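Novice: fold the following for me, if possible:
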Amino acid sequence: MIHKLFSLSLLFFFLIGTASAQCGSSKHHTRSVKSSYMHKNDIVDLAAGQKDLSTLVLAVKTADLVQTLKSDGPFTVFAPTNTAFAKIDSKTIEFLLQPAGKEQLTKILTYHVVAGNYTASDIVTAINIAGGEFTLQTVSGGKLKARLSGDTVLLEDEKGNISAVSTTDVEASNGVVHVIDSVVLPK
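Specialist: Residues are numbered from 1 along each chain as shown. Sure, this is the predicted structure:
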């Protein structure tokens, strides 16, 4: 009994201490994808091969984050779709893609990245262990709150905006990608 409690305590502290970012599971409505790119390509190459992530790839290139996201990692990336970026005012997007917006763009993009390789089932476990809401530490230094709403994993950003995870566990050679339906924003 003591051994089981100790093991559960270790798991809880590991999950909380690493601020792992996870989303969805096979029993949730999010789609789990095993990409044909799995384990062959890094996160950037994987995203570049997906038409629905072309705005994200352009933003990563503009922010000079390509080499960072091609490094060993591992990283967990919450990748907004083109439709997610389209929800943002076009003038804001235009500004972010200009040299004057590079610092802000970098902060926004690194807010979508968590250090470590965290699968969908890891985040659901962390949410359940934490009592329904789990806080993730992003590479930018910000925080995302993850929770379940029925069968859907939601991320709440520092501005109170909500993004749903739509696709999980797209594996890359240096981490994992979970696709989200809205851009999350730091303070």
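Novice: contacting residues around Gly101?
Specialist: Gly101 makes contact with Phe95, according to C-beta atoms under 8 Å, 6 or more residues apart in numbering. In short, each C-beta sits where N, CA and C put it, glycine included.
Novice: now Ala164
Specialist: Here Ala164 is in contact with Thr152, Val153, Leu154, Leu155, Ile180, Asp181, Ser182 (C-beta under 8 Å, 6+ apart).
Novice: if you set the cut-off to 6 Å instead, what comes out?
Specialist: Listed by C-beta atoms under 6 Å, 6 or more residues apart in numbering, the contact set of Ala164 reads Thr152, Leu154, Asp181.
Novice: now the residue sitting nearest the centre point of the chain: how far from Glu94?
Specialist: The chain has Phe78 as the residue nearest its centroid, 2.2 Å off, counting by C-alpha atoms, centre = their mean. Separation of Phe78 from Glu94 (C-beta to C-beta, to the nearest Å): 23 Å.
Novice: picking up where we left off before, pull out the buried members of the contacts of Ala164.
Specialist: Thr152, Leu154, Asp181 (16 or more other C-beta atoms under 10 Å).
Novice: quick check, the second one in contact with Asn161.
Specialist: No: checked against C-beta atoms under 6 Å, the pair Leu154 and Asn161 is beyond contact range at 10.3 Å.
Novice: show me the contacts for Leu155.
Specialist: Leu144, Ala146, Ser163, Val184.
Novice: now the second one: phi and psi?
Specialist: Same thing as Ala146. phi -110, psi 140 (degrees, to the nearest 10).
Novice: do the same with the first one
Specialist: Note on Leu144: its backbone torsions stand at phi -120, psi 140 [degrees, to the nearest 10].
Novice: not counting sequence-adjacent ones, nearest residue to it?
Specialist: Once flanking residues are discounted, Leu144 sits nearest to Leu136: 4.5 Å by C-beta to C-beta, 6 or more residues apart in numbering.
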